[in-house]
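# Let's see this in three dimensions:
(2 chains)
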Amino acid sequence: MDFQGFVRTDGLVGVRNKVLVMATSDCAEPTARMIVQGFKDAVSITQHLGCIAIETAPTLTGVAKNSNIAAVLVVSMGCEGIEPEPIMSEVSKAGKDVELVKIQEIGTTRQTIARGREILQRMLEKACKQKREPFNLGRLAIGLKCGGSDTTSGIAANPAIGVMADMMVDAGASVVMIEPIEAIGAEEYLSHRAVNEEVRRAILKWISDEEKRWTIPGASVDFMCRGNIDGGLTTLEEKALGAVHKGGHRPIQGVLKNRRDYLETVPRQGGFYLQEGTHEEIPAITYMAAAGVNIIVFATGRGGVFGHAICPVIRVTGNPETWAKMNEDMDVNASTAMEGNESIESVGKRIFDEVVAVASGKLTKSEQMGFDNFALWRYDSRLEALLGLL
Amino acid sequence: MKKAIMIDDNDNVATAIAAINTGDEVEVISSKQEVVYRIKAKDSLPLGHKIALSDIKKGGEVKKYGTPIGKASKNITSGEYVHIHNVQSNRLPLTKHMLSYK
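A predicted model of the protein is given here:
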């Protein structure tokens, strides 16, 4: 089966054709935002974690290289800890046009905005000449996430997304799942899916490392809460299995590393991968986008309503009330399985069709609203060092 | 007819997709929407909670998603409500405080 995408110089295929305007520090953020004002198909993002958050550079480099992005304009203040040049060099190696405006070199923010808008105009004129072409589904990389979960997520939305994930892997696509905290308790199930012993050990480490981060004496968190038990979840295993079933059942090919100075990208031979990172929705999606994911499928019982600057986000709800109340914000209704009117397999096939349609240009509900959330997670190398996880 | 869903063919519990009352005849469907069991509920349980599809001896595995989610902390019979009062995690026992929820 084919979808209609945009091929890039490096051979990767995108599902969107945006020009990215990237501020390398929060100080440059309003300038970047004003550069994109009024332009369609341009999006601005910022590094908002402060001047010395150099651990975010691999993520920024990754999102700039994402195949949904046609060209990149970097906006730098000039004295921030994250230097634009190494990022630009990587983006350029990927074959994308990349340019820089440095506020302190140009002179004033007004002048920088004017210069930036000229460059952006030029980049957009070039980008819009590129047309969609048919590509095999094997060229897609799909990311999975859940949030605002409720009782219906583990019964309807996540298993149905799992059906889609398996169909995509069978079609040759790559599928990525992040949020190791959710996998604590699903060690046996996930490790049995490993393609080999090395990957089995990597999966167990992926989970146990995350458990160490959240069980520091004096600063630990409970993995089960009252709401889980009231909703019908009896054990941590059950909670974890409900979450990870959005990843389907295919063999796990590897765990993508995400460290202080590098972020592993999705290998394009297809298959299912786990990724190191956070469970926090928007930073987690940013991490997957940085690894090369083109589209996110997001399960939400209660109705999470964000989008993302780099990837379209397809929202799936298994909650009949959420669908009734919020269908204008939801992309796929999985509550039919919750009400016993449709099989999980059939819902999964509908999600698959929706992913293909969105990959070919159909706008998601959050894209129709113009939602372009972006947030980073700061890989805390000090914590990693103290816990012996580096 | 009240319904519950058995997510994997190897499961010995099903999840209620509507509230179930004691004495209800429960139709259990698979992920392919085929009716795989018809059982009489021995207890009431809310939507999202689990009902036993077969007898599970104390210490026996409780399976959902085709995978053990814990072990029976007492004998469970078919049609009984399955939750923290008769299942224990193999991974992380609930605190006394959490066991008081229900």
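# tell me the contacts of the closest residue to residue A:30 other than its chain neighbours?
Leaving aside its sequence neighbours, residue A:30 sits nearest to residue A:109 (C-beta to C-beta, 6 or more residues apart in numbering or on different chains; 7.6 Å). In this view, the C-beta of every residue, glycine as well, is placed from N, C-alpha and C. Applying C-beta atoms under 8 Å, 6 or more residues apart in numbering or on different chains to residue A:109 gives the contacts A:30-31, A:34, A:103.
# Narrow these to those that are buried.
Among the contacts of residue A:109, the ones that count as buried by 16 or more other C-beta atoms under 10 Å in any protein chain shown are A:31, A:34, A:103.
# Where do the helices of chain B begin and end?
B:96-99 (DSSP state H).
# Give me the neighbour count for the residue in it that chain A sits nearest to.
Using C-beta to the nearest C-beta, the single residue of chain B nearest to chain A is residue B:48, 3.2 Å away. Residue B:48 has 21 neighbours, counted by other C-beta atoms under 10 Å in any protein chain shown.
# Residue numbers of chain B in contact with chain A?
Applying C-beta under 8 Å from any C-beta of the partner chain, we find that chain B lies next to chain A at B:3, B:5, B:7, B:15-18, B:29-33, B:46-50, B:62, B:64-65, B:67-70, B:82-84, B:87-92, B:94, B:98, B:101-102.
# switch to 6 Å and redo it
With C-beta under 6 Å from any C-beta of the partner chain as the criterion, chain B meets chain A at residues B:3, B:7, B:15, B:17, B:31-33, B:48-49, B:64-65, B:67, B:69-70, B:83-84, B:87, B:89, B:91-92, B:101.
# I figured residue A:174 was touching residue A:142, is that so?
No: taking C-beta atoms under 6 Å as the definition, residue A:174 is not a contact partner of residue A:142, at 7.2 Å.
# Am I right that residue A:221 sits in a helix?
No: counting by DSSP: H, G, I helix; E, B strand; the rest coil, residue A:221 is not part of a helix but coil.
# count of neighbours near it?
Neighbours around residue A:221, by other C-beta under 10 Å: 10.
# tell me the contacts of it?
If you count contacts by C-beta atoms under 6 Å, 6 or more residues apart in numbering or on different chains, residue A:221 has them with residue A:214.
# Next, it: phi, psi?
phi -120, psi 150 (degrees, to the nearest 10).
# What of residue A:357?
Torsion angles, degrees, to the nearest 10, at residue A:357: phi -60, psi -40.
# got the contact list for residue A:127?
Residue A:127 neighbours (C-beta under 6 Å, 6+ apart): A:17, A:19, A:70.
# which non-adjacent residue is nearest it?
Residue A:127 sits nearest to residue A:70 (C-beta to C-beta, 6+ apart), 3.8 Å away.
# Need the three-state assignment for that neighbour.
Taking three-state DSSP, the label given to residue A:70 is strand.
# separation between the nearest residue to residue A:79 once chain neighbours are set aside and chain B?
Nearest non-adjacent residue to residue A:79, counting by C-beta to C-beta, 6+ apart: residue A:104, 6.6 Å away. Distance check for residue A:104 against chain B: by C-beta to the nearest C-beta, to the nearest Å, it reads 53 Å.
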